[in-house]
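# sharing a model that was predicted from the sequence below.
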2 protein chains.
Amino acid sequence: MQENNSVGIVAAQTAHFNSPLTLKSGAVLPQFDLVYETYGTLNADKSNAVLICHALSGTHHVAGKYSGDDKYPGWWDNLIGPNKPLDTNKFFVIGVNNLGGCHGSTGATSINSATGNPWGSQFPVLTVEDWVTSQTLLADYLGIQQLAAVVGGSLGGMQALQWTIAYPARVRHALVIASAPNLTAQNMAFNEVARQAIITDPEFHSGDYYAHGVVPRRGLRIARMLGHITYLSDDVMDEKFGRKLKQGIQYSFDAEFEMEFYLRYQGDKFAGEFDANTYLRMTRALDYYDPALAFDEDLSLALRKVEAQFLVVSFTSDWRFSPARSREIVKALLDNELTVSYAEVTAAHGHDAFLMPDAHYHNILRSYLSNVQV
Amino acid sequence: MQENNSVGIVAAQTAHFNSPLTLKSGAVLPQFDLVYETYGTLNADKSNAVLICHALSGTHHVAGKYSGDDKYPGWWDNLIGPNKPLDTNKFFVIGVNNLGGCHGSTGATSINSATGNPWGSQFPVLTVEDWVTSQTLLADYLGIQQLAAVVGGSLGGMQALQWTIAYPARVRHALVIASAPNLTAQNMAFNEVARQAIITDPEFHSGDYYAHGVVPRRGLRIARMLGHITYLSDDVMDEKFGRKLKQGIQYSFDAEFEMEFYLRYQGDKFAGEFDANTYLRMTRALDYYDPALAFDEDLSLALRKVEAQFLVVSFTSDWRFSPARSREIVKALLDNELTVSYAEVTAAHGHDAFLMPDAHYHNILRSYLSNVQV
């Protein structure tokens, strides 16, 4: 059954952009690549394209597998495929690794042609606005003038929102899931601690660790362990791990509680896979995103040019991007007399809920997307 | 006014204990010191002694100043003094640095007489139970058979609770503030990340950094920054810092938001003052405390020998030791038909509220303590 509605074996592609891109910071990327995948078929009038925007550690590999032996499919495979809520019989779905990412798009790990060395510390700090601009260039490249929808959770939801603000004519629907119009001070504080763990790791070498043949693994591991605490709800942590000990109390600082094994495993895994400079930039983009900043913190005013219709979804146990933050978006959309559906889904899994195949949640997405005309 | 009801200039004293102390882990301390302070006068029948138990980073210096030039008084000076809620005209108040501390009591920084070097990694892992046992020895040393009250917030509240469980005849009142009968998985997870930041700091040297003339400052700094996030409520962080920038967006990883300056300042300060081995042990004691563990997680059963009367206080915005956790203690006390007062104080400051001079909170303590007979 799972295999029957999979997009099947997929392959990543690379789009090269040779025109300079000026970023919000003023920095200029002379050229760049975006790596992407597509699922389904672009229709004749190119009206059925859906862009998936990823969050902090996501990639362009959203659905399907790279080979029959692949252990895991793309990160949102439970959502995307033939007859799935985001139905690839109807939609042409695009996954893209954000600019500055470490999975194929140009980023800190890429070679800077001006020096012949990895960009490292010299790779610019990116913003959500920059990502959206680069994504419009990818749409151009694919010959798509207007997206049927932009879909994203968490930081991905910020990109979906930003599409509707910056390119109102180029997106008909935005699905903003487990997101917020900006980060709270507490959220930014967690990002700051994570970044400081990385930056103060002696193997960070001011961001130019590639030349030293090392990676700031210790810092990245701490950052990820901390992240995992905030992705789960307190209740789910209690339910999943509680105070369970693996082998009784050992009076040591080794992992003894099951939760400790879990966090260390997640931290070690991530530290072996993800690029530290990329992590810094992804979290900084989260910190900086604040479309209302230029409008005296009036989000309604910031959204006054939006034309898209919206589905906003939040999860009751998400304390990192709480329902209250989603309601701020809904309120500002309604202030502008826009069409918005809002669902506050009862879910135990905290922020991670947006990645889970909860039936109620998936039915909401299915229902909304079935009404999107292509 | 503040000076008029201060305990004035105080001095720490040291009690030497030359008999071996067997800890819960089985480890034996051949001898140890406890550093302590006292305020007020012990009455003739020694019935007016109140012990203050400190939390994670607290000390024996609870009230007063060491000299007229001292910038800050002891950490709970707003509570303790002549005519203050804990009135030193009535009570003889004792502050003690917990065993394993780094402010004068025997701990990892002390010289192990067997080797002539600092204990370092060889200093045993302590428990709340061990602290309470050592505190009874201090009471013996001071000639006090029964305490009028034991008072503590957070980890200090766990010690107050443990006194009533382990030494029911030796304590008449327990004031358990912003505490819990054990940590949640989320709380333990924050401790684990903090410890891992310290342990993986290359300058930790497996806990024997003293011999290398360094301290794991980076790890301790991260641990403290993280701690500070959890001591404040989300709302207070938003109110105090929000998204305020010091000088506008710089597109850097330097401190730019005011909250970032605050966290770095707190982290740096702590890393220059506190001992890393002590921090590991304090957090482990927090993790391990769970009086109901030996009773199939039945807290009511764990409290069946308690005789003391209780005041339990929690704060609405405390998400680290939430009111629900205090209510568990209240419920278990009531199951045992004990006398318990409970106050859930509306306060914005999160876990830190227990240290603040909130009028409602202080009136509750004043009122309760005025009814304690001496």
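Perfect, thanks for sending it.
# wait, residue A:237 sits on residue B:190?
No. At 10.7 Å, residue A:237 does not count as touching residue B:190 under the criterion of C-beta atoms under 8 Å. Using the backbone N, CA and C atoms, a C-beta is placed for each residue, glycine as well.
# hey, what's in contact with both of these two?
Common contact partners of residue A:237 and residue B:190 (C-beta atoms under 8 Å, 6 or more residues apart in numbering or on different chains): residue A:229.
# which residues of the stretch 151-300 of chain A fall in strands?
For the stretch 151-300 of chain A, the strands defined by DSSP state E, counting those that start in this stretch occupy A:171-177.
# quick test: name the residue nearest the centre of chain A.
Nearest to the geometric centre of chain A sits residue A:55, at 1.2 Å (C-alpha atoms, centre = their mean).
# phi first, then psi, for that residue.
Backbone dihedrals for residue A:55, given as degrees, to the nearest 10, come out at phi -100, psi -160.
# what's the neighbour count on the closest residue to residue A:325 other than its chain neighbours?
Once flanking residues are discounted, residue A:325 sits nearest to residue A:180: 3.6 Å by C-beta to C-beta, 6 or more residues apart in numbering or on different chains. Here the number of neighbours of residue A:180 (other C-beta atoms under 10 Å in any protein chain shown) works out to 26.
# tell me the pLDDT of residue A:180.
pLDDT for residue A:180: 98.
# what does residue A:4 give?
71.
# ok so, going back, return the residues in contact with the residue nearest to the centre of chain A.
Here residue A:55 is in contact with A:152-156 (C-beta under 8 Å, 6+ apart).
# and if we set it to 7 Å?
Applying C-beta atoms under 7 Å, 6 or more residues apart in numbering or on different chains to residue A:55 gives the contacts A:153-156.
# which single one of the residues you listed is nearest to chain B?
residue A:155 (16.3 Å; C-beta to the nearest C-beta).
# check contacts around the closest one.
A:55-56, A:286.
# on that earlier part again, pLDDT and distance to residue B:221 added to the contacts of residue A:55, as JSON lines?
Below are the contacts of residue A:55 laid out as JSON lines (pLDDT from 0 to 100; distance: C-beta to C-beta, whole Å):
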{"residue": "A:153", "pLDDT": "98", "distance to residue B:221": "32"}
{"residue": "A:154", "pLDDT": "98", "distance to residue B:221": "28"}
{"residue": "A:155", "pLDDT": "98", "distance to residue B:221": "27"}
{"residue": "A:156", "pLDDT": "98", "distance to residue B:221": "32"}
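# now, which of those lie within helices?
A:155-156 (DSSP state H).
# biggest separation within the contacts of residue A:55, which pair?
A:153 and A:155 (8.1 Å; C-beta to C-beta).
# so residue A:357 sits in a strand?
No. If the criterion is DSSP: H, G, I helix; E, B strand; the rest coil, then residue A:357 is coil and not within a strand.
# contacting residues for it?
Counted by C-beta under 7 Å, 6+ apart, residue A:357 has contacts residue A:78.
# state the distance from the residue nearest to the centre of chain A to chain B.
20 Å (C-beta to the nearest C-beta, to the nearest Å).
# what's the answer for residue A:368, then?
30 Å.
# residue A:337 now?
28 Å.
# run a quick neighbour tally on that residue.
7.
# try residue A:21
Residue A:21, neighbours per other C-beta under 10 Å, totals 18.
# which residues of the stretch 51-200 of chain A fall in helices?
Counting by DSSP state H, counting those that start in this stretch, the stretch 51-200 of chain A has helices at residues A:128-141, A:155-166, A:185-199.
# how far does the last one sit from its chain's centre?
Right, the one you point to is helix A:185-199. 18 Å (C-alpha atoms, centre = their mean, to the nearest Å).
# and for stretch A:343-357?
15 Å.
# for that stretch, buried residues please.
If you call a residue buried by 16 or more other C-beta atoms under 10 Å in any protein chain shown, then stretch A:343-357 has these buried ones: A:343-345, A:347-355.
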